[in-house]
Every structure is written in structure tokens, then in C-alpha cells.
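[1] Need coordinates for the below:
(2 chains)
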2 protein chains.
Amino acid sequence: MSLISDIPDIVIGRLPTYLRALQRMSQECRQVTSSQELGESLGISAAQIRKDLSLFGGFGKQGTGYQIEYLIKQLRQILKVDRVWDVVVVGAGDIGHALARYQGFTDRGFRVTMVFDNDPAKIGAMAGTFVIQDVAQMVSIVREAGLKVAMITVPASRAQEVTDLLVEAGVKAILNYAPINLVVPEGVRVQNIDPVSRMQRMTYYLD
Amino acid sequence: MSLISDIPDIVIGRLPTYLRALQRMSQECRQVTSSQELGESLGISAAQIRKDLSLFGGFGKQGTGYQIEYLIKQLRQILKVDRVWDVVVVGAGDIGHALARYQGFTDRGFRVTMVFDNDPAKIGAMAGTFVIQDVAQMVSIVREAGLKVAMITVPASRAQEVTDLLVEAGVKAILNYAPINLVVPEGVRVQNIDPVSRMQRMTYYLD
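    Residues are numbered from 1 along each chain as shown, chains lettered A, B, ... in the order given. Below you'll find the predicted structure:
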């Protein structure tokens, strides 16, 4: 499978967007779509979509478009969300609670299974259906459970130390809500969720 | 200023990341940095950073690096966050509440000033320090206040109609937390916050 590792990360980054749009079409009981239609709904050119998908072998015949269910199945396999990944949430503030309670993860490949915090006032309380656990026990519990995916929602000042603990516990993929750039070793990936950066990208264009 | 409109959006998208890293350095009482150091902390090449900044005239002299405070000031001006933008939040669920209560917006150029929902059980209740208002009154209230920036945290099924109302009210920049692609007219920008897409981008690389 050396082919797959050669695919640019920017292409991988577009696949979830394609998958999401296709799943929406599927919910609307659609059966076939085209790179044209998909592109228009996403603001991406049809040529780009065809090119991206061709890296994985295509999935469509010229002139007949894409079978939606088939393409969904393929994309889920490629992105490895044809399974459900257990996720640890670290930080039981507003965002941590929101993530613990969010109902939209499971049918897209993820399931929060544990929540940690370091605040004695929060440990033992509930976040959604989860008892908030002590971050002091996190490394052994996460390692024992074999979790690979984490969400960090602690303050910026604590995010790096939490990251180091998660890496020690064997986590390989971190969704970071703290407004700080995390340092991780080779083989561990971080994606940052920073609403302010996203808004700043838009205000540039405002008068 | 025709120069500025020619700058690729992908470059604009990196500027908030630079700004954030520089502000962090500033908090640590640092005065000078280099494209090298900045790049290492962000996982971006020094050459890329120099190239990006050169599009706006440079800001650094070869060999002496960047004056952090000066570069922060310039980036804030470029991104138009040398002012504070009032923001409307639509949807008073978990995420809407978290955004209404979040303390990290103001020093980065934004301030939530109103929260709307369509649920009679929520209207009149509080989200942070804001009374949740009826979305039926939103167009006139937002237009009257002259708001240009909005955050949408309603369910996917309602997100497009809320978007249409915000556009009608004069909003030009929408941060969308609903897992659906929004259709907006020319001149209105959308940025999507979708944690699941971000996690799917990472699971691709997991075993």
C-alpha cells in the first residue's frame, strides 16, 4: 500500500468534505451524483474532485457519474471510518461538555468514551453520560483502553503537558481546541480547531 | 489597494496562525523572532513564511529577524482585527452556550453581542451574560446593529435557512458549526468548523 502514503495530505483533507456531502445526498435518498454537482455544492472544481478521487482508483465511469452509496463505502474505508474510534476528551469545560454530549459523532466514525479533568471540583461529576476522571490517572487508563484519538479542550497554558501525557499513553491523533500550537513527535498528528483564526481569515475581506 | 485582493486565500488563511504564534511569543515577553523559529513552532517552512509576508511588503530585514510587536501590529491591521467585531451567535445549544461564554475572543478581535434561538423554552433564558432572543426578530435586530460576523450552531437541518436570514440581515462572514455545506451569495464568506472532518483526516493515517 505504498501508493496511499504518497497521496498529499491536502487531498486527504478534502475527502471528509466529499464524504459529508455524499452522506447528505444519501439522506435525501439520492443514488447518483457527478463531480460537477458535488463540486458546485462544495465550491470545489469538478476537475479537482475527479483528480482527487482518481488517486484512489477513480470510482466513477466517464458519463455515468458516481454511485453515491458505493463512493461513501469506499471513502469510509479509505479514511478508516468504516469502524468506530473511541475518543478521550481532556478538559471538562464548556467545550468538553459539549463534545461529550454531542450526538453527531457515532455515525461518522467516532465515539467519546472517557472524559478527564484535573479540577477536584469536576472529578467525579458528570459530562454527558461520563463520569469525569482524574487526569492523574489518564496515562494508564488511556493506554489500557488502547485509545488512539483524543480531543484537548484545556486552557492553552496546560495543553502541551496534556499532549505529552496523551502521547505517552499511545494516542496518535489529537484534535486540539486550545489556541496554541502543540509539539508532538513524529507519527502523532494534530489538527487545530480555532474559531478565531477562521474568523480572522474572513475579516480580512470585510470593509 | 488592488494588490491585497490578489493575495491567494491560502496565504490569508496562514496569517492568523502566524499572528497567534507571535502573540504567544509576546506573552512570553519575547521581542524578536525569525522565520526559522516561527516556522519550526508551526510546522511551516521558513521560506513559506518569508514568501507569505513578502506579499505584504516584508516586515523583516535579512539577518535581523522580525520585531514581534511590530509584526503583530501589522498582521492585526491586515486581518482587520486591530478593531473588535461584534458577533451574533445563532443556536443556543451546548456549542452556542460555550461560544457565548468563551473569554478568548476579545483580545483577538471579536466579541459576542447577541444570541438567538427558535426554541420557546430557550428564548428569554440566558446564554452567558446574554438573554437569548427569538430568531424571528433576528433579521431586523442584526441589521439594525450592523453586524457583519455570525456563528451558526443550529442543527444541520436548519442551518441553510438561518444562513439565508443572516445574509438578508447584512452578515458577510459566517462561522458554521453545522455539519453541512452552506450556500451563500457572492460577497459572503463561510468557514466551516467540523471536528469530525478533522478527525477523519487523521484516522486515514492510523493503523
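
[2] Pretty sure A:Leu182 sits against A:Ala156.
    No: taking contacts as Cβ atoms under 8 Å, A:Leu182 lies outside contact range of A:Ala156: 10.0 Å. C-betas here are computed from N, CA, C, even on glycine.

[3] Which of the two has more residues huddled nearby?
    A:Leu182 (19 against 16; other Cβ atoms under 10 Å in any protein chain shown).

[4] Dump the longest helix along chain A to PDB, restricted to CA.
    Looking across chain A with DSSP state H, the single longest helix is helix A:9-27. The C-alpha trace of helix A:9-27 is given here as PDB (Å, rounded to 0.1, in the frame of the first residue of the first chain):
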ATOM      1  CA  ASP A   9      -2.300  15.500   2.900                       C
ATOM      2  CA  ILE A  10      -4.200  18.300   1.200                       C
ATOM      3  CA  VAL A  11      -6.100  15.700  -0.800                       C
ATOM      4  CA  ILE A  12      -6.800  13.600   2.300                       C
ATOM      5  CA  GLY A  13      -8.100  16.800   3.900                       C
ATOM      6  CA  ARG A  14     -10.700  17.100   1.200                       C
ATOM      7  CA  LEU A  15     -12.000  13.500   1.400                       C
ATOM      8  CA  PRO A  16     -14.000  14.100   4.600                       C
ATOM      9  CA  THR A  17     -15.800  17.000   2.900                       C
ATOM     10  CA  TYR A  18     -16.700  14.800   0.000                       C
ATOM     11  CA  LEU A  19     -17.900  12.100   2.300                       C
ATOM     12  CA  ARG A  20     -20.000  14.500   4.300                       C
ATOM     13  CA  ALA A  21     -21.700  15.900   1.100                       C
ATOM     14  CA  LEU A  22     -22.300  12.400  -0.200                       C
ATOM     15  CA  GLN A  23     -23.800  11.300   3.100                       C
ATOM     16  CA  ARG A  24     -26.100  14.200   3.000                       C
ATOM     17  CA  MET A  25     -27.200  13.200  -0.600                       C
ATOM     18  CA  SER A  26     -27.700   9.700   0.700                       C
ATOM     19  CA  GLN A  27     -30.000  11.000   3.500                       C
END
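
[5] Quick one: residues contacting the residue at minimal distance from the centre of chain A.
    Residue closest to the mean C-alpha point of chain A, counted by Cα atoms, centre = their mean, is A:Leu175 at 6.9 Å. Going by Cβ atoms under 8 Å, 6 or more residues apart in numbering or on different chains, A:Leu175 touches A:149-152, A:190-191, A:193, B:195, B:198-199, B:202.

[6] Take the residues you listed and lay them out in CSV including pLDDT and distance to B:Arg14.
    Converted to CSV, these look like this (pLDDT from 0 to 100; distance: Cβ to Cβ, whole Å):
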residue, pLDDT, distance to B:Arg14
A:Val149, 98, 26
A:Ala150, 98, 25
A:Met151, 98, 24
A:Ile152, 98, 22
A:Val190, 97, 16
A:Gln191, 97, 15
A:Ile193, 97, 16
B:Pro195, 97, 21
B:Arg198, 97, 17
B:Met199, 98, 22
B:Met202, 98, 20
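
[7] From these, which land in strands?
    Among the contacts of A:Leu175, the members falling in strands (DSSP state E) are A:149-152, A:190-191.

[8] thinking again about what came up before, contacts for the longest helix of chain A?
    Contacts of helix A:9-27 (Cβ under 8 Å, 6+ apart): A:33, A:38, A:41-42, A:44, A:48-49, A:52-53, A:55, A:66, A:68-69, A:71-72, A:75-76, A:78-79, A:81, A:108, B:156, B:179-181, B:194, B:196-198, B:200-201, B:204-205.

[9] In it, which residues are buried?
    Buried residues in helix A:9-27, counted by 16 or more other Cβ atoms under 10 Å in any protein chain shown: A:12, A:14-25.

[10] returning to what we had before: make a ChimeraX selection of the buried ones in the contacts of helix A:9-27.
    ChimeraX command restricting the contacts of helix A:9-27 to the buried ones, with burial defined by 16+ other Cβ under 10 Å:
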select /A:33,38,41,42,44,49,52,53,55,66,68,71,72,75,76,78,79,81,108 /B:156,179,180,181,194,196,197,198,200,201,204,205
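
[11] quick one: contacts for the closest residue to A:Arg111 other than its chain neighbours?
    Leaving aside its sequence neighbours, A:Arg111 sits nearest to A:Val84 (Cβ to Cβ, 6 or more residues apart in numbering or on different chains; 5.2 Å). Applying Cβ under 8 Å, 6+ apart to A:Val84 gives the contacts A:106, A:109-111.

[12] The longest strand along chain A pairs with which strands?
    Counting residues, the longest strand in chain A under DSSP E turns out to be strand A:110-117. The pairing partners recorded for strand A:110-117 under DSSP bridges are strand A:85-90 (parallel), strand A:130-134 (parallel).

[13] Can you convert those strands into a markdown table and add a column each for mean neighbour count and mean pLDDT?
    Output for those, formatted as a markdown table (neighbours: other Cβ atoms under 10 Å in any protein chain shown; pLDDT from 0 to 100):
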| stretch | mean neighbour count | mean pLDDT |
| --- | --- | --- |
| strand A:85-90 | 23 | 98 |
| strand A:130-134 | 18 | 98 |
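
[14] Tell me which of those sits nearest to B:Asp117.
    With Cβ to Cβ as the criterion, B:Asp117 lies closest to strand A:85-90 of the strands paired with strand A:110-117, at 25.0 Å.

[15] Please enumerate residues in contact with the closest one?
    Contacts of strand A:85-90 (Cβ under 8 Å, 6+ apart): A:96, A:99-100, A:105, A:109-117, A:127, A:135, A:138, A:142, A:145, A:147-154, A:162, A:166, A:171, B:199, B:203, B:206.

[16] Now list the buried members of those residues.
    Using 16+ other Cβ under 10 Å as the burial test, the contacts of strand A:85-90 include A:96, A:99-100, A:105, A:109-110, A:112-117, A:127, A:135, A:138, A:142, A:147-154, A:162, A:166, A:171, B:199, B:203 as buried.

[17] ok, and of the ones in strands among the contacts of A:Leu175, which contact chain B?
    Residues of those in contact with chain B (Cβ under 8 Å from any Cβ of the partner chain): A:149, A:151, A:191.

[18] Could you verify my assumption that the last one touches A:Asn181?
    Same thing as A:Gln191. No: A:Gln191 lies out of contact with A:Asn181 (Cβ under 8 Å); the separation is 11.8 Å.
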